[in-house]
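S.K.: With the sequence up front, the predicted model follows.
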Amino acid sequence: MTSTNDKTKFNVGDIIEVSMKIEYQIPEEDETKPVIDLSDYPTTYEIDYSYPKEKGFRNIDFTFDASCSACFNDDIKQYLEEYLKEDMKEIAEYELFDIDNEGEYQTAKIKITKLA
């Protein structure tokens with residue numbers, strides 16, 4: 001797992017935009033199969049946090065091996081509920097809204113309601 005962090009100070013009320021890109025590592029020769037079982041291939045996730053007012057960003061990416069599945073079921077909402085406090089220790093409480101958790105590119109927004 002890699003992470004890029006521009007040190008920043010958040011404020012209560014700040015809105016952070018989050019995106020999750022999911023890439024299934026399917027080799028070109030397998031793309032013509034009539035049925036593709038995604039669990040047969042590694043999956044790469046890229047989580048991007050975009051901070052307000054040009055305060056910076058944070059990028060986290062990781063890959064699950066074939067036959068391993070993410071506990072958040074390829075869902076940005078579940079990912080944030082599970083890992084936001086680990087990814088962004090500065091945030092104690094938040095509201096999650098504007099969630100689009102369908103497909104291979106998902107987005108959400110976080111409003112900070114309490115800092116750690």
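M.R.: Thanks, I have the structure now. Numbering: from 1, shown residues only.
S.K.: Please make it C-alpha for all contacts and neighbour counts, starting now.
M.R.: Fine.
S.K.: Spell out for me which residue occupies the centre of this protein.
M.R.: Nearest to the mean C-alpha position of the chain, by CA atoms, centre = their mean, lies I47 at 3.4 Å.
S.K.: where does the residue of the chain most remote from its centre land in three-state SS?
M.R.: Within the chain, the residue lying farthest from the chain centre (CA atoms, centre = their mean) is P34, at 29.8 Å. Under DSSP: H, G, I helix; E, B strand; the rest coil, P34 falls in the coil class.
S.K.: circling back: not counting residues beside it along the chain, what's closest to the residue nearest to the centre of the chain?
M.R.: Distances taken as CA to CA, 6 or more residues apart in numbering place M20 nearest to I47, at 4.5 Å, with adjacent residues excluded.
S.K.: need the strands for this structure, in chain order.
M.R.: 2-5, 15-24, 43-50, 57-64, 91-100, 105-115 (DSSP state E).
S.K.: can you redo the ones you listed as a markdown table with mean pLDDT and distance to D74?
M.R.: Formatted as a markdown table, the strands of the chain follow (pLDDT from 0 to 100; distance: least, CA to CA, whole Å):
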| stretch | mean pLDDT | distance to D74 |
| --- | --- | --- |
| strand 2-5 | 40 | 19 |
| strand 15-24 | 95 | 8 |
| strand 43-50 | 94 | 9 |
| strand 57-64 | 92 | 11 |
| strand 91-100 | 95 | 12 |
| strand 105-115 | 95 | 9 |
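S.K.: can you redo those strands as CSV with distance to D75?
M.R.: Shown next, in CSV, are the strands of the chain (distance: least, CA to CA, whole Å):
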stretch, distance to D75
strand 2-5, 20
strand 15-24, 9
strand 43-50, 11
strand 57-64, 15
strand 91-100, 9
strand 105-115, 8
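S.K.: of all the ones you listed, which lies closest to C71?
M.R.: strand 57-64 (10.7 Å; CA to CA).
S.K.: between the closest one and strand 15-24, how many degrees?
M.R.: 30 degrees (axes from the mean of the first three to the mean of the last three CA atoms, to 10 degrees).
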